[in-house]
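Q: Pasting the sequence and the predicted model now:
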Amino acid sequence: MSSLFVNEDDIETHTENQNSYLPIDAVRHQQHEEHLSQRPTVGYHEDDGPELRTTIPVRFEEPDVVPIYPSRQVNCTLPLKYQQEIVEEMLTKDALLILGRGLGWDLISANLLHALSSPSVTLQHGNNHSVEKRSLVFVLNAREDEIVRLQEELSDLQWVDDEEESPFVVITGESVSSRKNTYMNGGIISITPRVLVVDLLSGVISPNDITGLYILHAERIKETSNDSFIINLYRDENDWGFIKAVSDEPESFGGFTPLATKLKILRLSEVMLWPRFHVEVSSSLSFRSKRREGEARRFVTEINTKLSYKMNKIQSAILSCIQACLNELKRHNADLATEYWDMENVHDPDFVRRIRISVDSQWHRLSYTSKQLVFDLGTLTDLLKSLITLDSVSFYQIVQGIVDSNVKRITTGSANVSMSPWLNLDESNTIISYAKERALAKYKSGSDTEEYLLEELPKWGQLGLLLDDIFHEKSISTDNQGPILIMCSSSKVVDQLGRLIETMKQINVSGKKHFSCRRYMVSKLHDYLSWKEVNTLVKEITTELNKPEEEEDEESQESSIHTSKSFSRNGQPTSKRRRTRGASATARVAKLYSGDNQEAADVDNDTLRKMDEDLNADESEEEEEEEDGQTETGGFFVGDEDDMGKILFEHISKEDQIIIQSYNERTNDALLQELSPSYIIMYEPNLSFIRRVEIFQAINKDNPAKTYFMYYGNSVEEQKHLLRIKKEKEAFTKLIREKASLSKHFETSEDNYKFQLQRNKVVNTRIAGGANFRTDDDELRVVVDVREFRSSLPNLLYRIGIKVIPCMITVGDYIVSPKICVERKSIPDLISSFKSGRLYHQCEQMFRYYELPTLLIEFDEDKSFSLTPMTESRFLRVNPLNPTVNQSLQQNLQAKLMSLLLSFPKLKIIWSSSPYETAQIFMELKSNQEEPDVGLAMDKGVNKEVVTEDGGAPIFNDDPIDFIQNIPGINNVNYHTVIQKVRSIEDLVQLSKGQFERLLGQENGRKAYYFINRKIR
């Protein structure tokens, strides 16, 4: 344990003090003084001279409520000095903390929450009156794994302080009474924003009962998010509590003046920047002095592995294809192209997503080729990642799958749909041919015996040699007896390495030690055969279903082939002659279409059988050698192939353990501290984990772990890692410059963060026709269904001055007035509602209880105001690049809307381009209208037979209800009985025939039972 206040001159020994304490009362006093200095009132007195009137004097006012925290001392588990300084500074002021990746957000947050969670707080009102409240801190935006990490750290801190366990409660969807009791008990509560905003608006908890808000992932907070809604509700009524926000993704702070924008949303005025190149961070992580710098370098070993010749060729070809796609996309969309559309940003993880976002607003205007190019960029970047992570057989399988999906499918009565343009390039043939050679090229081994090449990844052999050296070092030394930790990028690579290490075999080549993974590659070849069999069957079925009535002649096929000039040889236009040379772009496309090159390569069963026999013979020889007393097998694990994949329970000593884990930026620090490995192998580079290792080495400077850093030199893997470092440095540089020029923010009680909207422009104040006169001060109310708080509209309604009342209402989503009921539908929800038929039932209910039923169709502000992009495969299982299918889907959606209007002629439909426009429309709808009655809105459409446990209105889950109504025998009349009697779909399918008949009646019960229990041979 260490104190938060450490002598700055003593960096080496600041972790030795075990009984230091943090005086919270002094820190809180400093925070209160700074809080007073940020509440000025501008003005001047008549007595001021002329020289004073040219300036703007500032007069400070005392706040109405002053929080007084009890004096106490807490221990902190902050081993590094920069972490202590961050917590000390965050305690003294409300601020936005932006950390570099991997610098220990979890440890800093846990210690900060532990220090802030005092048992109680006293609110001083003026000079005499004071009220004591129980401390209540909300943690927002925390994911499940982050909550577990914070709970572990807080438990350790409470044990160190020998305190009673302070509750850290996680609230997701408990009943209202249960949540209210939890709030009264106080403590630290992690809660979803949707639940908390409903409780604040409905009065379950008052903003003045909240001590503070602690917000994680501040980079995700948007102006229209529920987190921003909570901050506004909290700050509008509570000016004494704290708000603290943390982020460790500086690259996400983009756009124009990102700091000023984010601080305005968070209602904060201070920001703290702590990059890796901060002086204090660098000195804390330099766990070796300059005199022992050479010794420190021995603890980090870089293993630069070269790609094979074929992998280099494939990598260059994929990059050339990406370049061609980018050039073509720029040529088609010169007005939308930005500087980001460049090859230097290809290695950015969000490259394709950012391009898609930049064209989303004009997606309905893009040509078919442009849309296809955007999808192709995603395919090619994924292919580039698969090249360096997957084995050669799996990579060829992916390439062949792409080719199969792009083969021309003959359609009747529809326009021609060409394949992906990048397949017209010479480089595409390079990718396909070299991928096939890596996996299935044959070579002679021994006397006229052919085997498949099955090229192994270069890193595999290096990993085998490295593990062999580590085990040899462990056998001759007793210093490093911890486990070996191997870190990689994903769970697929974890599974791959686990199987590799189990089957790896040592062989000698020209007197040098080498590790072969032949058995693993043969097993992948068997997997390829299974995939090919299924793929062939699928293609046969597809061909039969799409078989045309009349075959096209050769001339029509050749004339329908189109190639862009960007994808032809050297940009030359395609030949207009009917007969083309074999190497031309058109000829290559025709060859691919014809099927000559589309079939997956066959595998010779005799060759594969011979390879299996050779592997089994080698295994038999090894077993005989073991029986003769020779225990050296060359592998790291000994076992039968049949035992692979089975869970075997046996004790393995700590020094013999090899632990393989995938990178997790939120939990890797806890992993290192719990395992305390002696050897750390980073199979793939990861910036965040490198920082975690630096912290681990600085804490354990007396016995640091030996670290090995593996990467492919001159590859996309190396470039991606370097780009990540460059992007973070540039982001912090931009933020530092903005912070230097950031203006000082002053706020008074009259200021608010609501939209400046003049009501007299939208609210009718005339008294014509006997209407009641309205003033600008009249309160406007809208009753909102609690399920609607997943959208941003309730937040925007509050910000324009409308009081939002959350209720569980059965009819409609928004009750604007006693006459107007609005059912809001986003485009995905509209499509699913038409598919399930739920929208017709909702319209029936609105017409039954309201005079002016209204359907609001709301679009996303970042997307195009058109139905065209909404009818793609994101919501329906169709080809996303088929313009004919998308056009028919769009017409189908329009036809359903017309059918709805024919069924309900008086239904009003409002089209809104964004939630901002919807808020303005609601204000106009409320002009000259009475305010809705909450009780009447809740009673309309409620089935009195359905009763919840707490006696409140039932909250229905629409998706399961839509699902069970598709079962024969369950309909709109009796599904309420099913909901009340059966708890879940799992319980429903387990009911007997008699139970179904008692629940639904004899006929309906029999239909439902036989439908669910029907056996399909």
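A: Sure, I can see it.

Q: In space, what's closest to residue 305 - neighbours in sequence excluded?
A: Leaving out its chain neighbours, the residue that sits closest to residue 305 by Cβ to Cβ, 6 or more residues apart in numbering is residue 458, at 4.8 Å. All C-beta atoms are positioned from the backbone trio N, CA, C, and that covers glycine.

Q: Might you list the low-confidence residue ranges for the stretch 51-200 of the chain?
A: Low-confidence segments of the stretch 51-200 of the chain, defined by pLDDT under 70: 51-63, 126-128, 163-166.

Q: And the strands in it?
A: For the stretch 51-200 of the chain, the strands defined by DSSP state E, counting those that start in this stretch occupy 58-60, 65-68, 73-74, 96-99, 120-125, 129-134, 136-140, 168-171, 187-191.

Q: Ok, which of those strands comes nearest residue 1011?
A: strand 168-171 (38.5 Å; Cβ to Cβ).

Q: and that closest one, which residues are buried?
A: Using 16 or more other Cβ atoms under 10 Å as the test for burial, strand 168-171 gives 168, 169, 171.

Q: From residue 183, how far out is the first one?
A: For residue 168, the distance to residue 183 equals 14 Å [Cβ to Cβ, to the nearest Å].

Q: that older thread, now distance to residue 463 too, for the buried residues of strand 168-171, in TSV please.
A: Converted to TSV, those look like this (distance: Cβ to Cβ, whole Å):
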residue	distance to residue 463
168	40
169	44
171	45
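
Q: Run the chain-centre distance for the helix ranked longest in the chain.
A: When the chain is parsed with DSSP state H, its longest helix is helix 518-545. Relative to its chain's centre, helix 518-545 lies at 32 Å (Cα atoms, centre = their mean, to the nearest Å).

Q: Who are the packing partners of it?
A: For helix 518-545, the elements it packs on are helix 392-406, helix 491-503, helix 605-627, judged by 3 or more Cβ pairs under 8 Å, 6 or more residues apart in numbering; DSSP states H and E.

Q: on that earlier part again, which of the buried residues of strand 168-171 sits closest to residue 80?
A: residue 168 (24.2 Å).

Q: pretty sure the closest one contacts residue 186?
A: No. Counting by Cβ atoms under 8 Å, residue 168 does not reach residue 186; the two are 11.4 Å apart.

Q: wait, doesn't residue 515 sit right on residue 505?
A: Yes. Between residue 515 and residue 505 there is a contact at 6.9 Å, judged by Cβ under 8 Å.

Q: Neighbour count: the two, which is higher?
A: More neighbours surround residue 515 than the other of residue 515 and residue 505, with 23 against 20 (other Cβ atoms under 10 Å).

Q: For the more buried one, pull up the helix or strand it's in.
A: Residue 515 is part of strand 512-516 when elements are defined by DSSP states H and E.

Q: which residues are in contact with that strand?
A: Residues from elsewhere that reach strand 512-516 (Cβ atoms under 8 Å, 6 or more residues apart in numbering): 456, 460-461, 463-465, 468, 504-508, 634.

Q: what does stretch 897-910 give?
A: For stretch 897-910, contacts defined as Cβ under 8 Å, 6+ apart pick out 822, 839, 840, 843, 847, 852, 853, 854, 855, 856, 857, 921.

Q: so who does the second one touch?
A: Same thing as residue 839. With contact set as Cβ under 8 Å, 6+ apart, residue 839 has these partners: 823, 825, 830, 833, 855, 900.

Q: Name the nearest residue to residue 853, sequence neighbours excluded.
A: In space, and not counting its chain neighbours, residue 853 is closest to residue 846: 3.5 Å by Cβ to Cβ, 6+ apart.

Q: count of neighbours near residue 482?
A: 18.

Q: So it lies in a helix, does it not?
A: No. Remark: residue 482 does not belong to a helix; assigned using DSSP: H, G, I helix; E, B strand; the rest coil, it is coil.

Q: Counting neighbours, what do you get for the residue nearest to residue 853?
A: 24.

Q: Pass me the low-pLDDT residue ranges in the stretch 351-500 of the chain, would you?
A: Residue ranges of the stretch 351-500 of the chain with pLDDT under 70: 408-418, 446-448, 480.

Q: Right, I'll leave it there.
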